[in-house]
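K.L.:
Predicted model, plus sequence, below.
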Amino acid sequence: MVIEINPDNPQPRLIAKVVQVLEKGGVITYPTDTTYGIGCSIMSKRGIERIYSIKQREKNKPFSFICSDLSDIARYAKVSNYQYKVMKRLLPGAFTFVLNSTNIVPGLLVTKQKTVGIRIPDNKICLAIVQALGHPIITTSANRSGEEPIGDPSIVDQELGKQVDLVVSGGILSAAVSSVVSLIDDTPVVLRRGLGDVGWCE
């Protein structure tokens, strides 16, 4: 099923419908500030397992997740003063930051090094979803591993619509990905170059 949401002024009634799907452990595709993502509640082990299957991704590669704001990040990651200042300057934005995990994060989302990847995209729809849900959702590009990201919701529906519970359409997006930057030990390290400008940490 496809649900179209206004990207500039997301309708609360429609956001509530999306949240209902997530609360039941469902899997959705949704817009971010880069490309379309696949997600579920981070509390849904079954949903996370389904996303691994849809993505055809190895289980030793944990997914990142979306928080609603900086205070939300502090619940799921150990944040130093330096890390806070960096994220306050750059978020919301097209970055995934790798941080040390807190114990509240489900084990499926934590690396062997006890780190997590966290995003706050500059997209009103996905932030409204996370805020209404009350906790983070998984974020990974809406494509199978090794294939190109998809920025057109109609193509997302064609490719993945039968494998997810809901396709959230928020208009045509880029086919870009976020820049991934590790902030472990207060030392920025670029792990992937994407849409976010990483010139500040080089």
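P.N.:
That came through fine.
K.L.:
just so I have it, where are all the strands in this protein?
P.N.:
In the chain, the segments counted as strands under DSSP state E are 2-4, 28-31, 36-39, 64-66, 77-78, 95-101, 115-119, 137-141, 166-169, 179-182, 189-192.
K.L.:
where's the spatially most central residue of the chain relative to Val130, distance?
P.N.:
Geometric centre of the chain, nearest residue: Thr139, 2.6 Å, by Cα atoms, centre = their mean. Using Cβ to Cβ, to the nearest Å, Thr139 is found at 10 Å from Val130. Using the backbone N, CA and C atoms, a C-beta is placed for each residue, glycine as well.
K.L.:
tell me, what's touching the two both at once?
P.N.:
Ile66 (Cβ atoms under 8 Å, 6 or more residues apart in numbering).
K.L.:
Just the helices from the chain, written as ranges.
P.N.:
12-23, 45-55, 70-76, 81-90, 124-133, 153-160 (DSSP state H).
K.L.:
Touching, the residue nearest to the centre of the chain and Ser64? I think so.
P.N.:
Yes. Shown here, Thr139 and Ser64 form a contact pair, counting by Cβ atoms under 8 Å, at 5.2 Å.
K.L.:
Not counting its neighbours along the chain, what's nearest Ser80?
P.N.:
Spatial nearest neighbour of Ser80, excluding adjacent residues (Cβ to Cβ, 6 or more residues apart in numbering): Asp186 at 5.7 Å.
K.L.:
From what I see, that neighbour and Tyr84 are in contact.
P.N.:
No. Using Cβ under 8 Å, Asp186 makes no contact with Tyr84, being 10.6 Å away.
K.L.:
Perfect, I'm done here.
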